[in-house]
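A.B. asks: What follows is a predicted structure for the sequence shown.
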Protein chains: 2
Amino acid sequence: MKSHNVWSGTNRRIYMQEVGTRDGLQAEQAFVPTEEKIALVNALSHAGMAKIEVTAFVSPKAIPALRDAEQVLREIERVLGVVYSALVPNVRGAERAIDARAGEFNLVMSASESHNLSNLRMTQQQSFTALSDVTAVARQEKVAVNVSLSCAFGCPMEGDVPDAVVLDWCARFVDELGANGVTLCDTTGMAHPGQAATLTQMFRERWPGTELTLHFHNTRGMGLANVLAAIDAGADRFDASLGGIGGCPYAPGASGNVCSEEIVHALESMGYDTGVDLAQLIESSKRLPALIGHDVPSQIVKAGRRLDLHARPADFDAIRQRALAR
Amino acid sequence: MKSHNVWSGTNRRIYMQEVGTRDGLQAEQAFVPTEEKIALVNALSHAGMAKIEVTAFVSPKAIPALRDAEQVLREIERVLGVVYSALVPNVRGAERAIDARAGEFNLVMSASESHNLSNLRMTQQQSFTALSDVTAVARQEKVAVNVSLSCAFGCPMEGDVPDAVVLDWCARFVDELGANGVTLCDTTGMAHPGQAATLTQMFRERWPGTELTLHFHNTRGMGLANVLAAIDAGADRFDASLGGIGGCPYAPGASGNVCSEEIVHALESMGYDTGVDLAQLIESSKRLPALIGHDVPSQIVKAGRRLDLHARPADFDAIRQRALAR
């Protein structure tokens, strides 16, 4: 092994980005009260998340769970150093997001035409045009733009998406639109660590100055392994969702987004510096079930941290005495 | 990155060892009928598992779920190249296991005195004496011996176990008893990838000729990452459990053993050669809930393989027509 290998963090900085407040809550049946959303974002800020995707400026009819987008984004605390981003699908959303002082726009389209049409009801070319329009608004208002590319590691309808196709879209975002950052999204948990390492390495070599985020789902149990493969290939920025909320519509009952506290727990155990206070994060996650009305996938909430110790059996001394008497 | 890195399997052989039939079924309330156990072992043999821990020769009163140990081990098919092992706690168990033609004895003790006493009701020294007695029987009968060291990555009552303590026990098993193999067990899911890499590397350097198995639990979501860290450090042999059965008594509701089909799915996706037919393995896993009376943690059974594709929405053509008409 190399002396500096991916298994030993040696205090390297990894930036954790919370998406549960948008990607997670938008999928919930329950409407989480506005003041609870604000308190949740504030808790995540103070826990040390580097970026928080606070909400989405979409049609309140399409996603009623986030109909309070303006109020939430306006009323959260702005902790120094934390980036407050919002999903923005079009110019109308961009104007709303600017009014509410979004720190960054997150724009979305898919690497697969089938997924883009099914999910966004537009062709990829139409989506790209919409992205260009939003980017023009952002540039005028001096707001940073990140573009999230869905299905970058495969499409549930089309299968594998060639790396060249993914990189061509990245080139259009970075070179043509001038996006500040790109997120490669494993929308339905198809990424494996080999892909995670390869795509990360190719992106980093081609655009060393562009912020790169990896967005993995744990649908097939490969989430953390993908994070580590991407770190080994040069990534330092990951989306994750508190409690692991935000499911996968193609696999009922399966996990969705990688869980924030699971990723932080693993990385901190390995000696990475996530800047996140894990105890605070776990406290926030424990409050989620009451907000959304159901249990969350988080294994850290269920099992505790690795050094949260358990008492010996009540009759331990008697067990020992009996053993020694043999 | 190195040109040959852990993220790219390049057909390297990884040996998968099934423990669900022992470690999984012994924890179940339901008694799985003997003929069903035999059919399950046979299916796992034909699916290509390298080793199967078939059963345990413990007291039928202590573990009634495995009270048919003799019959199961005697009546399974013996597929060429597959090792059929059995857990053996003492000389009485060793004699029963030999009568039933066990291919290997698996002996167990813990790296932590608290866990050894709590779990086995003996001091570590008493357990080691019992292991020596069983090993003497095995040597006489020319049966291979593997020793499984529980809590090698931490004890839920004592916390971290120093690497030196783990290696000292390994030395007693390999150098003193002449064990053919050692399994480092992450009994309650405390291992993180840094530890997995370090302990594997230290073991491999010191005992290059001894079979080394890593036994990870996914209790805190680090199972696959630990497998990959161990591979990077020279391991090629892993325990796993069909469906992920076999829970963790210290974390109700949390995952236990890493799931055989999840590990095979990930490794095969990355280009490793596990020798396992994943489709057959998944079919066996799908039959488990009917046998044990409850759902299993397997995410591959829930979500399918990464390239098990989904149909486009029924109205996909209409969506496209409407989009193009804009």
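C.D. replies: Received it, and whenever you're ready, just let me know what you need.

A.B. asks: CA only for contacts and neighbour counts going forward, please
C.D. replies: OK.

A.B. asks: A:Ser285 looks like it's in a helix, true?
C.D. replies: Yes - assignment of A:Ser285 by DSSP: H, G, I helix; E, B strand; the rest coil places it within a helix.

A.B. asks: I'd like the distance between it and A:Asn116.
C.D. replies: A:Ser285 sits 32 Å away from A:Asn116, taking C-alpha to C-alpha, to the nearest Å as the criterion.

A.B. asks: moving C-terminal of the longest helix along chain A, what's the next helix or strand?
C.D. replies: If you go by DSSP state H, chain A has its longest helix at helix A:124-141. Going down the chain from helix A:124-141, the next helix or strand is strand A:144-150, by DSSP states H and E.

A.B. asks: Return the angle between stretch directions for that following strand and helix A:124-141.
C.D. replies: 160 degrees (axes from the mean of the first three to the mean of the last three C-alpha atoms, to 10 degrees).

A.B. asks: in its sheet, what does strand A:144-150 sit against?
C.D. replies: strand A:104-110 (parallel), strand A:181-185 (parallel) (DSSP bridges).

A.B. asks: Would you pull up how far that strand lies from the middle of the chain?
C.D. replies: 12 Å (C-alpha atoms, centre = their mean, to the nearest Å).

A.B. asks: what does it rub up against?
C.D. replies: A:103-112, A:135, A:138, A:173, A:179-187 (C-alpha atoms under 8 Å, 6 or more residues apart in numbering or on different chains).

A.B. asks: in the helix or strand following that strand, what counts as buried?
C.D. replies: As assigned by DSSP H and E, the chain's next helix or strand after strand A:144-150 is helix A:163-171. By neighbour count on 16 or more other C-alpha atoms under 10 Å in any protein chain shown, the buried set for helix A:163-171 is A:Val166, A:Leu167, A:Trp169, A:Cys170, A:Ala171.

A.B. asks: Can you name every helix or strand that helix A:163-171 contacts?
C.D. replies: Here helix A:163-171 touches no other helix or strand, going by 3 or more C-alpha pairs under 8 Å, 6 or more residues apart in numbering or on different chains; DSSP states H and E.

A.B. asks: tell me the angle of that helix relative to strand A:144-150?
C.D. replies: Using the same axes, to 10 degrees, helix A:163-171 lies at 160 degrees relative to strand A:144-150.

A.B. asks: Give me the residues contacting helix A:163-171.
C.D. replies: The contact list for helix A:163-171, computed with C-alpha under 8 Å, 6+ apart, reads A:Ala111, A:Ala152, A:Val182, A:Leu199, A:Phe203.

A.B. asks: starting at the chain centroid, how far to it?
C.D. replies: For helix A:163-171, the distance to the chain centre is 21 Å (C-alpha atoms, centre = their mean).

A.B. asks: Quick check: mean pLDDT of it?
C.D. replies: Mean pLDDT, helix A:163-171: 98.

A.B. asks: Using CSV, write out the CA atom coordinates for it.
C.D. replies: Provided in CSV are the C-alpha atoms of helix A:163-171 (Å, rounded to 0.1, in the frame of the first residue of the first chain):
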residue,chain,number,x,y,z
ASP,A,163,-18.3,8.1,-19.9
ALA,A,164,-17.8,10.2,-23.1
VAL,A,165,-21.5,11.2,-23.0
VAL,A,166,-21.2,12.3,-19.4
LEU,A,167,-18.0,14.3,-20.1
ASP,A,168,-19.6,15.9,-23.1
TRP,A,169,-22.4,17.3,-21.0
CYS,A,170,-19.9,18.4,-18.4
ALA,A,171,-18.0,20.3,-21.1
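
A.B. asks: What distance do you get for the closest residue to A:Leu107 other than its chain neighbours to B:Ala56?
C.D. replies: Closest residue to A:Leu107 in three dimensions, ignoring its sequence neighbours and counting by C-alpha to C-alpha, 6 or more residues apart in numbering or on different chains: A:Val147, at 4.7 Å. Note on A:Val147: its distance to B:Ala56, by C-alpha to C-alpha, is 55 Å.

A.B. asks: Against A:Met190, how distant is A:Cys151?
C.D. replies: 8 Å.

A.B. asks: same thing with A:Leu199?
C.D. replies: Taking C-alpha to C-alpha, one finds A:Leu199 at 14 Å from A:Met190.

A.B. asks: which one of those two has more residues nearby?
C.D. replies: Per other C-alpha atoms under 10 Å in any protein chain shown, whichever of A:Leu199 and A:Met190 has more neighbours is A:Met190, with 28 against 21.

A.B. asks: That one touches A:Gly223, doesn't it?
C.D. replies: No - applying C-alpha atoms under 8 Å as the test, A:Met190 and A:Gly223 come out as separate, 9.8 Å apart.

A.B. asks: Poorly predicted segments of chain A, please.
C.D. replies: A:1-4, A:248-254 (pLDDT under 70).

A.B. asks: where do the helices sit along it?
C.D. replies: Using DSSP H, helices in chain A cover A:34-47, A:69-75, A:91-99, A:113-120, A:124-141, A:163-171, A:193-206, A:223-232, A:260-269, A:278-292, A:299-303, A:316-324.

A.B. asks: between the ones you listed, which one is nearest to B:Arg320?
C.D. replies: helix A:113-120 (6.6 Å; C-alpha to C-alpha).
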